[in-house]
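Enquirer: Provided below are the primary sequence and the corresponding predicted coordinates.
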Amino acid sequence: MDQKPLSGKPDDAKFQSRDKPRFSEGGSEDRRKGRNESFGKPYKKTYRARPNREGIGSTRRRGVTEGDPTAPKSDKIRLNKFIANSGISSRREADELITMGLISVNGKVVSELGYKVNPGDEVRYENKVLRAEKPVYILMNKPKGFLTTTDDPQERKTVMHIIGASVKERIYPVGRLDRNTTGLLLLTNDGELADKLMHPSFNVKKVYKVELDKPLAKGDFQTILDGVRLEEGRAEVDDLAIVSDDGRTIGIELHIGWNRVVRRIFESLDYEVIKLDRSVYAGLDKKELGRGQWRFLAKEEIIHLKHFK
């Protein structure tokens, strides 16, 4: 499937977050309306949400300091990074290939993690010469009915069919969205960045718009804020809001990346998720990106992701 032209209005706007309490009963009509204008509907009813808890999810590592900017830079790069840049795997998967003895450098099998290669070294994977690809970063507004994978044995539609032959490099999705979940999806061949964004310690912010089969009760609203108990533990939510007059459309912000976590939060309280759309991912949004469309990230967006903390 070819890329669709980037035109028209975005299908919906993102759920915005702030650093102070922002969902409460009462107040003037202008203030209530302003809080929900990004969803395209006037605010009518909601409950109070607690402010974000400072310090939770911090990824600052102790003892790490910036390197000396005047120090000479080595041209050598780690072998797993070179493999990831070639587009055959992520960096983590590259480590597995190395330990399995499937990688050779200049004709010699290398099984040492942390091994570095020089420019011009011949790196092979199962006798195939690997070459570092140009890094590619794509943001997609995934439509419903597409699998978030590079290939499907049952030959069902995947997000790669949307990209089609427009990109020659071997890119792959960063994380997953369910087949029936829509919204923001990042695709890249930068294995180092992909591993970083998917690692739990980086707590990447995600915002979803959820449509339920029935209005969200006040008690369940507070239960979600307090943290629903799932198999992995307590699912902590950073922000929550009812954003429709009928109480069935919810905005939810969270950092945890557990499998199907948003759906499971509501299902645990006997709600059925009719629609689920991701509107914000790692600071990126769907502005001017219609459903089924994609675009290359701007230089500033790439810098933002690489320095994401």
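Expert: Received the coordinates, thanks. Numbering: from 1, shown residues only.

Enquirer: which helices and strands does the strand or helix carrying residue 303 pack with?
Expert: Assigned by DSSP states H and E, residue 303 belongs to helix 299-306. Contact analysis of helix 299-306 by 3 or more C-beta pairs under 8 Å, 6 or more residues apart in numbering; DSSP states H and E lists strand 137-142, helix 191-198 as its packing neighbours. The way it works is simple: take the backbone N, C-alpha and C, and place the C-beta from them, glycine included.

Enquirer: how far does it sit from the chain's center?
Expert: 14 Å (C-alpha atoms, centre = their mean, to the nearest Å).

Enquirer: with stretch 154-163 instead?
Expert: Centroid displacement of stretch 154-163 relative to its chain, using C-alpha atoms, centre = their mean, is 19 Å.

Enquirer: just the buried residues of that stretch, please?
Expert: Residues of stretch 154-163 classed as buried: 158-160, 162-163 (neighbour count, 16 or more other C-beta atoms under 10 Å).

Enquirer: ok, the nearest residue to residue 129 once chain neighbours are set aside to residue 80 distance?
Expert: Distances taken as C-beta to C-beta, 6 or more residues apart in numbering place residue 122 nearest to residue 129, at 6.3 Å, with adjacent residues excluded. Distance, residue 122 to residue 80, using C-beta to C-beta, to the nearest Å: 17 Å.

Enquirer: all helices for the stretch 51-200 of the chain, in order.
Expert: Remark: helices assigned in the stretch 51-200 of the chain by DSSP state H, counting those that start in this stretch are 79-86, 91-99, 159-163, 191-198.

Enquirer: residue 91 against residue 191, yeah?
Expert: Yes. At 4.2 Å, residue 91 counts as touching residue 191 under the criterion of C-beta atoms under 8 Å.

Enquirer: who has more neighbours, the two?
Expert: Using other C-beta atoms under 10 Å, the more surrounded residue of residue 91 and residue 191 is residue 191, with 25 against 20.

Enquirer: now the more buried one: closest residue in space, sequence neighbours ignored.
Expert: Spatial nearest neighbour of residue 191, chain neighbours left out: residue 84 (2.5 Å); criterion: C-beta to C-beta, 6+ apart.

Enquirer: what sits against the closest residue to residue 142 other than its chain neighbours?
Expert: Excluding its sequence neighbours, the residue lying closest to residue 142 (C-beta to C-beta, 6+ apart) is residue 185, at 4.6 Å. Neighbour list for residue 185: 139-142, 148, 159, 173-175, 177, 278, 281 [criterion: C-beta atoms under 8 Å, 6 or more residues apart in numbering].

Enquirer: nearest to residue 302, of those residues?
Expert: residue 139 (10.6 Å; C-beta to C-beta).

Enquirer: deepest-packed of the helices of the stretch 51-200 of the chain, please.
Expert: Of all the helices of the stretch 51-200 of the chain, helix 79-86 has the most neighbours on average by mean count of other C-beta atoms under 10 Å, namely a mean of 23.

Enquirer: packing partners for it?
Expert: On a contact count with 3+ C-beta pairs under 8 Å, 6+ apart, helix 79-86 meets helix 91-99, strand 103-105, strand 116-117, strand 123-125, helix 191-198.
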